[in-house]
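J.: coords below, sequence missing:
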């Protein structure tokens, strides 16, 4: 392991820890960073998925009370009361995760194959266009949010799980697209972010498992840099969740999507010209 590998791993962990919880694509931005740092685009997509394990730990620790409540509800779970009381969170996570797998697994294969065909500026610009699309969706969702729901329903689980599956494509924000779907369903921002972050836990673990299985092991980097990146992303991720939940009603995150997407498009064009 060289010093450069360690520095890149730490920086990747910081990027993942911050942007995972913003309505911008953690996968897209991390893949963008790794590509600029010299990583092959196909490997960059795989690494971006794998490093979500660190921020998964952040969410599990931050929402440990909600997870404990869902676990306690499992022994008494019944179909006729699936979305009543303490059963609601457990049912929401299970149904939404199944929908994520149904939609996301086929798209994962497509995303990795596509990334292997795109190089340099084309790959970066493609991420930029998808980031702008996420910003448009976030802006539209803010204009229709009514803020009247606080507990998930079966329809919420199916809808949010399906759109989360789409977020496996590089450049589509998982937190952005799931939070937007919940805002469209009339949840207020704190409730939308909480339900989105809870759903990230099984989704991120599943994405990491897909990455390891598909690559036949830990792809692209040595074990020590990988552990460093996971540790940093976990620590930074916890701090970011806490800060975000304090200011969630004050910041228009679609502005961030537009800014980063525009920079990626411009940057991708410059790279294409240079290359």
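T.: Structure's in. What do you need? In this text, all values refer to a predicted model and were calculated from it rather than measured experimentally. Residues are numbered from 1 along each chain as shown.

J.: ok, the closest residue to residue 90 other than its chain neighbours to residue 16 distance?
T.: Counting by Cβ to Cβ, 6 or more residues apart in numbering, residue 90 lies nearest to residue 70, which is 4.1 Å off, once chain neighbours are set aside. From N, CA and C alone the C-beta is placed, and that goes for glycine too. Remark: distance between residue 70 and residue 16 (Cβ to Cβ, to the nearest Å) = 25 Å.

J.: who has more neighbours, the two?
T.: Between residue 70 and residue 16, residue 16 has the larger neighbour count (other Cβ atoms under 10 Å), namely 31 against 21.

J.: Kindly confirm whether my reading is correct that that one touches residue 231.
T.: No - between residue 16 and residue 231 there is no contact under Cβ atoms under 8 Å: 11.2 Å.

J.: Spit out the residues that contact those two alike.
T.: residue 54 (Cβ atoms under 8 Å, 6 or more residues apart in numbering).

J.: Which elements pack onto the helix or strand where residue 181 lies?
T.: Following DSSP states H and E, one finds residue 181 within helix 174-184. In terms of contacts (3 or more Cβ pairs under 8 Å, 6 or more residues apart in numbering; DSSP states H and E), helix 174-184 is packed against helix 26-36, helix 120-144, helix 154-166, helix 189-215.

J.: Looking at these, which is nearest to residue 247?
T.: Nearest of the helices and strands packed on helix 174-184 to residue 247, taken as Cβ to Cβ: helix 189-215 at 10.3 Å.

J.: average model confidence for that closest one?
T.: The average pLDDT within helix 189-215 is 79.

J.: just the angle between the helix or strand just after that helix and helix 26-36, please?
T.: Next along the chain after helix 189-215, taking DSSP H and E as the criterion, comes helix 223-247. Between the axis of helix 223-247 and that of helix 26-36 there is an angle of 140 degrees, by axes from the mean of the first three to the mean of the last three Cα atoms, to 10 degrees.

J.: Just the buried residues of helix 223-247, please?
T.: 225-226, 228-238, 240-241, 244-245 (16 or more other Cβ atoms under 10 Å).

J.: residues in contact with residue 177?
T.: 134, 137, 163-164, 166-167.

J.: Could you rerun that using 6 Å?
T.: Each residue near residue 177 by Cβ atoms under 6 Å, 6 or more residues apart in numbering is listed here: 163, 167.

J.: From here on, call the first residue 38.
T.: All right, first residue 38 from here; so that's residue 214.
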